[in-house]
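Enquirer: Dropping a prediction and its sequence here:
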Amino acid sequence: MRAAFSLVPFATLALVEPAHAVVYMSLEQAQTMMFPGATLTPDFRMLSKEQAGAIEKAVGVAVRNRDLKIWRVSTGGWFIADQVVGKHEYIPIALGLDAGGAVMAVEILEYREAYGDQVRNPAWRGQFTGKRHGAAPTLTKDIQNISGATLSSRHITDGIKRLLATYALAIAQD
Amino acid sequence: MRSPLPRIERARPLLGTTVSIRVEGLAEDKAHRAIDAAFAEIALVHGLMSFQEQDSDISRLNYDACDRTIEVHPATFEVLHWAGRIAEASAGAFDVTVAPKLVAWDLLPAPRCRRQPDPAACWRDVELGDDCSSVRFRRPLWIDVSGIAKGYAVDRAIECIAHFGAQQVCVNAGGDLRVIGPDEERIALQLPMPADALPVLNIQDAAVASSSGHRTPHLFDGKICGSHVDTHRGTPVSANRFASVVAETCLLADALTKPVLALGSESEDMLRAFGAIAYFHDPASGWRQIAAISP
């Protein structure tokens, strides 16, 4: 076990994107991983306003986009691509359902996380304007992880609830 | 020699947060199998130790372990065993029986139970059987292990992937994380309040966890407080304190952040007992390192 602590002045970081972004996998990779060997056929559809209203009523989660990106799986089951609204950004997720509509797998495809709200706040960042000296270090590029108070994944679990209600109300009843 | 094998990283919503797993040094299909198995370990811990899910070991204990002995999964037993050791070493500053306070402050829903919790109950009332599988409460009480189980889940995931022969692995459960392998990794610590510098930890073969109360602010006695309990006073810890703990295992790092938040510098002996270090911040005195890695 080794550990070393240091403090890097924000002033030297002001030009660097203060977010930690990771691309985990593409949509195609998620499809192949969840349904190896199967053929996926797009069955995209637009939810009616009535369907969207019924989904919102059933789970208490807003349907921001009625455009449903869903694929039918040759071996049985469904694949849905969706986005949930995180604290600051959209988070793309993939959901695999079995033929009966039960969750087989959830994968987060990309994730972005701010280093801290204070860094996001323009007024806070503004106080460093003109105080930079020297070149901004590439430190943030090297940061692999963030440790802070735990971020809730409520927005993702709400998104999954919404998609399960979408399946029950708009797909299973077809 | 590092192999040129790819770096594979995936993430899923588990343990009430986003859990990401990164694996280096395995062929792609093997890496995915290793990650699948590790996610399954985390899902197992989630299912056994959730406070909210009614069929979890924790919910079964909270329901009536004061009236009868309950058989639990070995993983639950192991977590309760460590919870007891840390409670003892911290003189009760870490205590899984604080759940009724969290319920009273609306931070947790009230669980199903046969009898209402006894306000005098504490961690000493959680009795672990010699058979390493049975648990009984000496008084009616509620336990919440979410302050230790997340770290334990990370350890299980790491150990699972290590069996596949990966070189470098990182498992991160919403900021409670552990890395194994030859490479040093850089972790940014996220303070709850504006600061003039970004705190950064470089770690190798170590676990880090952090806590502060600012994501669950609530008013207590007119003051803004967080979700952590000062068990000696029965009040919440100030939402502005922040603690990161580095330890050999993520279970230790995760659990020890709570007594460090409550005790500050007074947690030094406890940290030494577990070979851990803390980085503690409060707005009045800034950063302090508590304890050190023994040479």
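Expert: Looks like it came in fine.
Enquirer: drop to CA atoms for contacts and neighbour counts, all remaining ones
Expert: Fine.
Enquirer: Where does pLDDT dip in chain B?
Expert: Applying pLDDT under 70 to chain B flags the ranges B:1-4, B:193-195, B:213-239, B:294-295.
Enquirer: again, 80 this time
Expert: B:1-5, B:191-198, B:213-239, B:293-295 (pLDDT under 80).
Enquirer: mind giving me the domain ranges of it?
Expert: Per automatic domain parsing, the structural domains of chain B span B:57-144, B:184-290.
Enquirer: Pick the most buried one from the ones you listed.
Expert: Across the domains of chain B, the average number of neighbours (mean count of other C-alpha atoms under 10 Å in any protein chain shown) peaks for domain B:184-290, which reaches a mean of 21.
Enquirer: Including distance to B:Ala43, could the domains of chain B go into a markdown table?
Expert: Formatted as a markdown table, those follow (distance: least, C-alpha to C-alpha, whole Å):
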| stretch | distance to B:Ala43 |
| --- | --- |
| domain B:57-144 | 12 |
| domain B:184-290 | 16 |
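Enquirer: Out of those, which gets nearest to A:Ser153?
Expert: Closest approach to A:Ser153 among the domains of chain B is made by domain B:184-290 (12.6 Å; C-alpha to C-alpha).
Enquirer: Work out the gap between that closest one and the centre of the chain.
Expert: 12 Å (C-alpha atoms, centre = their mean, to the nearest Å).
Enquirer: can you check stretch B:19-31 too?
Expert: Worked out by C-alpha atoms, centre = their mean, stretch B:19-31 lies 24 Å from the chain centre.
Enquirer: what about that stretch, start to end distance?
Expert: 16 Å (C-alpha to C-alpha, to the nearest Å).
Enquirer: That stretch and chain A, are they touching?
Expert: No. Using C-alpha under 8 Å from any C-alpha of the partner chain, we find that stretch B:19-31 stays clear of chain A, coming within 9.0 Å at best.
Enquirer: contacting residues around that stretch?
Expert: B:2-13, B:35, B:164-174 (C-alpha atoms under 8 Å, 6 or more residues apart in numbering or on different chains).
Enquirer: how does it look with 7 Å?
Expert: B:3, B:5-13, B:35, B:166-174 (C-alpha atoms under 7 Å, 6 or more residues apart in numbering or on different chains).
Enquirer: longest helix anywhere in chain A?
Expert: Assignment by DSSP state H gives helix A:154-166 as the longest helix of chain A.
Enquirer: As CSV, could you dump the C-alpha coordinates of that helix?
Expert: This file holds the C-alpha atoms of helix A:154-166, laid out as CSV (Å, rounded to 0.1, in the frame of the first residue of the first chain):
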residue,chain,number,x,y,z
ARG,A,154,-31.1,7.6,-8.5
HIS,A,155,-31.4,9.2,-12.0
ILE,A,156,-30.2,5.9,-13.5
THR,A,157,-32.5,3.7,-11.5
ASP,A,158,-35.4,6.1,-12.2
GLY,A,159,-34.5,5.8,-15.9
ILE,A,160,-34.7,2.0,-15.7
LYS,A,161,-38.1,2.2,-14.0
ARG,A,162,-39.3,4.5,-16.7
LEU,A,163,-38.1,2.1,-19.4
LEU,A,164,-39.7,-0.9,-17.7
ALA,A,165,-43.0,0.9,-17.6
THR,A,166,-42.5,1.9,-21.3
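Enquirer: That helix packs against which elements?
Expert: Under the contact criterion of 3 or more C-alpha pairs under 7 Å, 6 or more residues apart in numbering or on different chains; DSSP states H and E, helix A:154-166 touches helix A:49-59, strand A:78-85.
Enquirer: chain center to the first one: distance?
Expert: By that I understand helix A:49-59. Worked out by C-alpha atoms, centre = their mean, helix A:49-59 lies 22 Å from the chain centre.
Enquirer: other SSEs contacting it?
Expert: Packed on helix A:49-59, when contacts are counted by 3+ C-alpha pairs under 7 Å, 6+ apart, are helix A:154-166.
Enquirer: about what we covered before: which other residues reach the longest helix of chain A?
Expert: Under C-alpha under 7 Å, 6+ apart, the answer for helix A:154-166 is A:55, A:59, A:61, A:84-86, B:13.
Enquirer: What residues does the stretch 1-150 of chain B have near chain A?
Expert: Within the stretch 1-150 of chain B, the positions adjacent to chain A are B:9-13, B:16-18 by C-alpha under 7 Å from any C-alpha of the partner chain.
Enquirer: picking that back up, going through the contacts of stretch B:19-31, which ones are buried?
Expert: Buried subset of the contacts of stretch B:19-31 (neighbour count, 16 or more other C-alpha atoms under 10 Å in any protein chain shown): B:8-13, B:35, B:166-174.
Enquirer: Break down the stretch 51-200 of chain B into its strands, ranges please.
Expert: Here the stretch 51-200 of chain B has its strands, by DSSP state E, counting those that start in this stretch, at B:70-71, B:126-128, B:134-137, B:168-173, B:176-180, B:185-190, B:197-204.
Enquirer: Let me know which of the ones you listed is the nearest to B:Gly286.
Expert: Comparing the strands of the stretch 51-200 of chain B under C-alpha to C-alpha, the one sitting nearest is strand B:197-204, at 11.0 Å.
Enquirer: Within the sheet, what are the partner strands of the closest one, with directions?
Expert: Strand B:197-204 has its sheet partners listed here by DSSP bridges as strand A:2-9 (antiparallel), strand B:185-190 (antiparallel).
Enquirer: Fine by me, we can end here.
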